[in-house]
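>>> 3D, please:
(chains A and B)
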Amino acid sequence: NAGVMQNPRHLVRRRGQEARLRCSPMKGHSHVYWYRQLPEEGLKFMVYLQKENIIDESGMPKERFSAEFPKEGPSILRIQQVVRGDSAAYFCASSPGTGDETQYFGPGTRLLVL
Amino acid sequence: LAKTTQPISMDSYEGQEVNITCSHNNIATNDYITWYQQFPSQGPRFIIQGYKTKVTNEVASLFIPADRKSSTLSLPRVSLSDTAVYYCLVGDGTGGYNKLIFGAGTRLAVHP
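From the prediction side, this is the model:
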């Protein structure tokens, strides 16, 4: 059973460009979470999604950031007009959504904004 | 979610038992205690979860006293590959999901 997949693993963007981060949850998991981690810090919750629904986006910046989890395909975290402060590791986690809410994390995408 | 407090760093040697204690004085009745391990440049990995008393799996043991205001992660006979950051989290999954709040974690360094 493959784990949570994230791609790309590394992404370099120039200021003002768009970054698209993809997350494929574990097979059978219907809940997806996105977290951001700055160097030497713990992970910070961004958003929680179920298929086609955003349930909790309380950790998402109000502007430039959006997330989706379509009926088919991976979850996408989109950052528009990136700035240097967006440089971080972005982790996706999934859980079964069947009462067991243990989260399993992907390897992360490291975004570097030049 | 309850705030947790754990040591910033710990050092150990190969073959020793390591105990990392986490304080969560404001833990709620429905909260579970979960520990994750994170290696550099990797995502956190679930280690163990418990509610009270003792839980043991193939990787670690988790000891939780009766008042549940603290918990201790026990790693038996550590090896160099156990060098990582260990996070203690509490939450109850209210609403059918669990918005994990990570602290700075405990950086464990295992020496030869």
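>>> Those residues of chain A touching chain B, which are they?
By Cβ under 8 Å from any Cβ of the partner chain, the part of chain A that sits against chain B consists of A:4, A:31, A:33, A:35, A:40-45, A:48, A:55-56, A:58-59, A:89, A:91, A:93, A:95, A:97, A:101-108, A:110. In short, each C-beta sits where N, CA and C put it, glycine included.
>>> Look at the residue nearest the centre of chain A and report its pLDDT.
Centroid-nearest residue in chain A: residue A:34, 3.7 Å away (criterion: Cα atoms, centre = their mean). For residue A:34, the model assigns a pLDDT of 97.
>>> repeat for residue A:30
According to the model's per-residue confidence, residue A:30 sits at a pLDDT of 88.
>>> Assess the claim that it and residue A:97 are in contact.
Yes. In this structure, residue A:30 sits in contact with residue A:97. The criterion is Cβ atoms under 8 Å, and the distance is 4.4 Å.
>>> Give me the more crowded residue out of those two.
residue A:97 (17 against 14; other Cβ atoms under 10 Å in any protein chain shown).
>>> which residues does residue A:26 contact?
When the contact criterion is Cβ atoms under 8 Å, 6 or more residues apart in numbering or on different chains, the partners of residue A:26 are A:1-4, A:94, A:104.
>>> sorry, that was for residue B:85
Residue B:85 makes contact with B:37-38, B:105-108 under the criterion Cβ under 8 Å, 6+ apart.
>>> For it, which non-adjacent residue is closest in space?
Nearest in space to residue B:85, with sequence neighbours left out and distances taken as Cβ to Cβ, 6 or more residues apart in numbering or on different chains, is residue B:105 at 4.2 Å.
>>> number of nearby residues for the one you found?
27.
>>> Would you confirm that it contacts residue A:40?
No. The pair residue B:105 and residue A:40 does not pass the contact test of Cβ under 8 Å, sitting 10.1 Å apart.
>>> What sits closest to residue B:82 if chain neighbours are left out?
Spatially, and ignoring its direct neighbours in sequence, residue B:82 is nearest to residue B:110 (5.2 Å; Cβ to Cβ, 6+ apart).
>>> bridging residues for that neighbour?
Note on residue B:110: beta-bridge partners by DSSP bridges are residue B:12.
>>> what separates it from residue B:43, distance-wise?
Distance from residue B:110 to residue B:43, counting by Cβ to Cβ, to the nearest Å: 21 Å.
>>> repeat for residue B:68
Separation of residue B:68 from residue B:43 (Cβ to Cβ): 28 Å.
>>> Give me the more crowded residue out of those two.
Under the neighbour definition other Cβ under 10 Å, residue B:68 and residue B:43 were set side by side, and residue B:43 has more, 23 against 20.
>>> Can you tell me the SS state at that one?
For residue B:43, the secondary structure call by DSSP: H, G, I helix; E, B strand; the rest coil comes out as coil.
>>> what's the pLDDT at the spatially most central residue of chain B?
Relative to the mean C-alpha position of chain B, the nearest C-alpha, by Cα atoms, centre = their mean, is the one of residue B:35, at 3.4 Å. Here, the pLDDT recorded for residue B:35 equals 95.
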